[in-house]
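A.B. asks: Following is a predicted model, sequence given first.
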Amino acid sequence: MFHSHGENMSFRAQQERRKGNPRTDRERFMEHYNLTDEQMNQILDWIGEDVYKLLPNRGEGLAQTRHSSQVSSYNEAKTKMSFYAQGGYTQEEREKLEKAIEAREKKYGYKRGSNANLTKPKEYQNIPDSQFADVVGFNYPIDKAHIHGAITYWQHMDHRKAYSDSKARAFITERIVRAALKFGIELTYDPKDPDYRNLPENLKKQMKGYGQKSMLEDWQSFRGWQEALYNTRSKRVPVI
């Protein structure tokens, strides 16, 4: 993806920049890692402006003599970029986390979604594994403090699209519904929702509106009764 050749900032140009106005983060980053404009653009396309978090604080020194060559400093940049892009994990750590998520997939019987987390998000660190609706990817905590959020998010189909595995959607839906009912939260059954239709019967019976006919269904039943009554009367044989 990256190219190690091309024109980079000369030492003289770097010295001249130091004499002028405060430099932008882009200029500091390019100088620190001896990058060309093309290389810098590639990094920004890959990581985004969060990459500037890898810069040392202003005043701590950037282009020091430790950069013995463009190639060595550029390779250092690529290594740090790769580390940052993988969530701050080394390759060895990431391989262990991948094996752990594969083990969870096998244990719970469904494939991770595209939104899966290798580890618990920082804000959910204190929540037990068992308190996630998506226990494979650590999404949708269903403890008392977060259950309302899980219900709201899961009602949006855009969130469910992250799970191509229908078993995953069924698993998550059931866990959210069970948790909601446990906390006394009233849920309305939607017969048009395929994931609701696949719920166990005992859960559906506890949801508002399950088993009740809609106004249209009531009207259709009434019309059917009327037609059946009319047909019965029209077929009566007069008594002689």
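C.D. replies: Perfect, I can see it now. Numbers count the residues shown, from 1 in each chain.
A.B. asks: can you give me the strands in this structure?
C.D. replies: Per DSSP state E, the chain carries strands over the ranges 132-134, 139-141.
A.B. asks: Give me whichever of those strands is most buried.
C.D. replies: Ranked by mean neighbour count, these are led by strand 132-134 with a mean of 25 (mean count of other CB atoms under 10 Å). Backbone N, C-alpha and C define where each C-beta goes, glycine included.
A.B. asks: Packing partners of that strand?
C.D. replies: strand 139-141, helix 166-182 (3 or more CB pairs under 8 Å, 6 or more residues apart in numbering; DSSP states H and E).
A.B. asks: that older thread, right, and the strands of the chain - which one's nearest Lys204?
C.D. replies: strand 132-134 (17.7 Å; CB to CB).
A.B. asks: which residues touch that closest one?
C.D. replies: Residues outside strand 132-134 that contact it (CB atoms under 8 Å, 6 or more residues apart in numbering) are 113, 116, 124, 138-142, 150, 154, 168, 171-172, 175-176, 179.
A.B. asks: Same check on stretch 139-151?
C.D. replies: Contacts to stretch 139-151, defined as CB under 8 Å, 6+ apart, come from residues 113, 115-117, 124, 127, 131-134, 153-154, 172, 175-176, 179-180, 183, 185, 187.
A.B. asks: can we see that at 6 Å?
C.D. replies: With contact meaning CB atoms under 6 Å, 6 or more residues apart in numbering, stretch 139-151 is reached by Tyr124, Ile127, Gln131, Phe132, Ala133, Asp134, Ile176, Ala179, Ala180, Phe183.
A.B. asks: for that stretch, which positions count as buried?
C.D. replies: By 16 or more other CB atoms under 10 Å, the buried positions in stretch 139-151 come out as Asn139, Tyr140, Pro141, Ile142, Asp143, His146, Ile147, Ala150, Ile151.
A.B. asks: Kindly report the same for stretch 113-132.
C.D. replies: Neighbour counts over stretch 113-132 (16+ other CB under 10 Å) mark Gly113, Ala116, Asn117, Leu118, Lys120, Tyr124, Ile127, Gln131, Phe132 as buried.
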